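Enquirer: below is the structure, and that's it, no one-letter string:
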């Protein structure tokens, strides 16, 4: 199994890519799942220059008003790559 990384800054493109690949690959028994998490709270994002200045702006752009945590993304990847999602 391989994962395809998509650019989180372009959710509509990611969505279209997922639908296109799913339609192409489904006849071959290949599932396609797309994860586009947006902003993730990491040492790199919180320690960047200007990160604090942009933090409120970035949070305002997210539905939950916060950054995702890496564990949330990892847990979802485990679920999505499981055969139980079929």
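Expert: Perfect, thanks for sending it. Bear in mind the structure is a predicted one, so any value in this text is a computation, not a measurement. Numbers count the residues shown, from 1 in each chain.

Enquirer: tell me which residues of stretch 56-68 come out buried.
Expert: Applying a neighbour-count criterion of 16 or more other C-beta atoms under 10 Å, the buried positions in stretch 56-68 are 67-68. Using the backbone N, CA and C atoms, a C-beta is placed for each residue, glycine as well.

Enquirer: give me the neighbour count for residue 34.
Expert: Neighbourhood size, residue 34 [other C-beta atoms under 10 Å]: 16.

Enquirer: which residue would you name as the spatial centre of the chain?
Expert: Central residue of the chain (C-alpha atoms, centre = their mean): residue 36, 2.4 Å from the mean position.

Enquirer: secondary structure class for that residue?
Expert: coil (DSSP: H, G, I helix; E, B strand; the rest coil).

Enquirer: let's have the chain start at 467 instead
Expert: With the count now opening at 467, the last piece we talked about shows up as residue 502.
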